[in-house]
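Novice: give me a 3D structure for the following:
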Amino acid sequence: MRSPVLLIFLLFQYTEPLNVLFYVPTLSHSHISFNAKLAEVLTSAGHSVTVLLAQVDDTLSIQNATDYTVLRKKVGVPHGHLRQVLWSNPGPYEDSSPLNPQIFYKLLKVSKTFVTACQSE
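Specialist: Numbers count the residues shown, from 1 in each chain. The predicted structure follows:
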């Protein structure tokens with residue numbers, strides 16, 4: 001019984017803080033707030049965290065990041081483009097099945113936006 005306790009004690013004694021890089025595409029506020037919370041938890045545990053925001057939607061950003069570094073990278077998506085593509089037709093009360101031609105077309109436009117973001121420098 002004493003050896004597992006001793007082993008656990010020794011493992012915790014020799015841990016080192018990590019350098020963590022989060023790659024976060026700015027797709028929605030929920031993506032950013034979730035990853036910001038993860039960064040806060042990791043920094044409070046003693047790790048060094050850098051959040052790299054790929055600006056797919058340039059209207060979104062992390063606010064009040066004091067414990068970790070935030071870097072923003074423009075990825076070639078025009079200002080307001082993703083928001084316009086995501087929130088245009090079909091409306092909230094229309095059939096959102098991927099088999100609906102309007103939804104399928106919307107998914108194609110969104111995926112083209114992501115391809116543009118990936119191909120930029």
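Novice: now do the end-to-end distance for stretch 17-37.
Specialist: In terms of Cα to Cα, to the nearest Å, the two terminal residues of stretch 17-37 are separated by 18 Å.
Novice: residue 117: how many residues sit nearby?
Specialist: Neighbour count of residue 117, defined by other Cβ atoms under 10 Å: 19. From N, CA and C alone the C-beta is placed, and that goes for glycine too.
Novice: and it, what pLDDT?
Specialist: pLDDT, residue 117: 76.
Novice: what's the helix or strand for it?
Specialist: helix 101-119 (DSSP states H and E).
Novice: do the same with residue 3
Specialist: helix 2-13.
Novice: restrict the helix holding residue 117 to CA atoms and write it as CSV.
Specialist: Extracted C-alpha coordinates of helix 101-119, given in CSV (Å, rounded to 0.1, in the frame of the first residue of the first chain):
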residue,chain,number,x,y,z
PRO,A,101,-30.9,22.1,-51.2
GLN,A,102,-30.7,25.6,-49.5
ILE,A,103,-28.9,24.1,-46.5
PHE,A,104,-26.6,22.1,-48.7
TYR,A,105,-25.7,25.2,-50.7
LYS,A,106,-25.1,27.1,-47.4
LEU,A,107,-22.7,24.3,-46.2
LEU,A,108,-20.8,24.6,-49.5
LYS,A,109,-20.4,28.4,-49.0
VAL,A,110,-19.2,27.9,-45.4
SER,A,111,-16.8,25.2,-46.4
LYS,A,112,-15.4,27.4,-49.2
THR,A,113,-14.8,30.0,-46.5
PHE,A,114,-12.8,27.5,-44.5
VAL,A,115,-10.8,26.5,-47.6
THR,A,116,-10.0,30.2,-48.2
ALA,A,117,-8.8,30.5,-44.6
CYS,A,118,-6.6,27.4,-44.8
GLN,A,119,-5.0,28.5,-48.1
